[in-house]
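**Q** Structure here, sequence nowhere to be found:
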């Protein structure tokens, strides 16, 4: 890939070149030969009370924390995450269970090669979890937003990072608190071979993710009533915090590369500082190792030295672009889906991104796009729904091009999908 020299002059002392180099090294360490490409899938679930479909929440003897406590025997003791005396996560090979800010239960599955592996891992997770949840009086469902409860009905999970995010995102944008407390997603992660491949996947995922979202939309509800938006998750994220969500600035510039992405991330306030794995923190009081950072970016927080992997991962985790780069490419557009539809989505991602001929055709199409084109396609989908023509093509044509004709979401109340409630 032809590269240009990244200039930090316009940012003054805001970005440390050693930190930029550290993030580039971090990305480089994720490169894999195509023969080793795998998938990762994250499915967030909404816990709802069996009696009335209201949000179950984290707290209490019949909440999500009690669910995690019941799951502990199935997971490795050394992979538990605790904070302030509360259990917040569990882990074992190929499966991590964590809790999102509103008590959403996330299963992080993989890396795996086949849809059969995905199904086996997920079914084991649910076979262990569902009887415990049933005893506690709730169940997990898959929608993009809570069916009965609104964001004001939920207390945030007792995690310092979530408290900082609540304070920060509650002061700007429109939907930060809705996103944190009531939304749920399906995310698919894919591998890359080198910088050019990673950037191509970022571009294709960013441009076509909203189109694919249409075929997997699964948000019948919003704030206790019918959802008014064609793509609710996209609407929420686009209006949360523009400096860390939406499109990656400059992504569709032909010269864009890893350094550009690193500069953007490092230029943005962190929201929350985590120095727990910073060597210099050895002499700090425990309470001083984490704090809010509403104005400070990485150069103002971390020492003048290369970043370690923990620090790099934390900084990258404070950005929420539609497609995010870590040691994988993380496609983040989609509503929470039942496992059969999540598997269908994963297959579609594999067909589009891992099939070389198909991917090359999509890369060629996206090479002619600009950021403005992507914004226009997203706006068209939100304004016209099924009548939209993103990038000048009707949705049925996109369905044929992407192999998605059979994936449109069912309407609420479909008897074939008893988990769908009537409003």
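**A** On my side now, so go ahead. Since this is a predicted model, take the numbers as computed values, not measurements. Numbering: from 1, shown residues only.
**Q** Identify the residues contacting the closest residue to residue 63 other than its chain neighbours.
**A** Residue nearest to residue 63 in three dimensions, not counting chain neighbours: residue 57, with 5.2 Å by CB to CB, 6 or more residues apart in numbering. The C-beta positions use only the backbone N, C-alpha and C, and glycine is treated the same way. Residue 57 makes contacts with 47, 63, 64, 102, 103, 154, 155, as judged by CB atoms under 8 Å, 6 or more residues apart in numbering.
**Q** what lines up beside the helix or strand of the chain with the lowest mean pLDDT in the sheet?
**A** Least confident helix or strand of the chain, by mean pLDDT, DSSP states H and E, is strand 290-293 with a mean of 90. Strand pairing for strand 290-293, using DSSP bridges, gives strand 271-274 (antiparallel).
**Q** same question for the strand it pairs with, mean pLDDT?
**A** Averaging pLDDT along strand 271-274 gives 92.
**Q** cool, and stretch 173-184?
**A** 95.
**Q** hang on, the earlier thing: whichever of the contacts of residue 57 end up buried, select them in ChimeraX.
**A** Burial among these is assessed by 16 or more other CB atoms under 10 Å; the matching ChimeraX selection reads:
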select :47,63,64,102,103,154
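**Q** so can I have a markdown table of the contacts of residue 57 showing secondary structure, pLDDT and distance to residue 345?
**A** Formatted as a markdown table, the contacts of residue 57 follow (DSSP: H, G, I helix; E, B strand; the rest coil; pLDDT from 0 to 100; distance: CB to CB, whole Å):
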| residue | secondary structure | pLDDT | distance to residue 345 |
| --- | --- | --- | --- |
| 47 | strand | 98 | 22 |
| 63 | coil | 98 | 29 |
| 64 | helix | 98 | 25 |
| 102 | coil | 98 | 23 |
| 103 | coil | 98 | 24 |
| 154 | coil | 97 | 27 |
| 155 | coil | 96 | 31 |
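**Q** Make sure residue 237 is indeed in a helix.
**A** Yes - assessed by DSSP: H, G, I helix; E, B strand; the rest coil, residue 237 belongs to a helix.
**Q** and it, what does it touch?
**A** Contacts for residue 237 (CB under 8 Å, 6+ apart) come out as 175, 179, 245, 246, 320, 322, 332.
**Q** Check the gap between the residue sitting furthest away from the middle of the chain and residue 292 for me.
**A** Distance from the centre of the chain peaks at residue 283, with 34.2 Å (CA atoms, centre = their mean). With distances taken as CB to CB, to the nearest Å, residue 283 is found 21 Å from residue 292.
**Q** Apart from its chain neighbours, what residue comes closest to the residue nearest the centre of the chain?
**A** By CA atoms, centre = their mean, the mean C-alpha position of the chain lies nearest to residue 332, the distance being 4.3 Å. Nearest residue to residue 332, sequence neighbours excluded (CB to CB, 6+ apart): residue 187, at 5.0 Å.
**Q** beta partners of that neighbour?
**A** Beta-bridge pairing for residue 187 (DSSP bridges): residue 42.
**Q** mind listing what's buried in stretch 64-78?
**A** Across stretch 64-78, burial judged by 16+ other CB under 10 Å covers 64, 65, 66, 67, 68, 70, 71, 74, 75.
**Q** do stretch 307-318 as well
**A** 307, 311, 312, 314, 315, 316, 317, 318.
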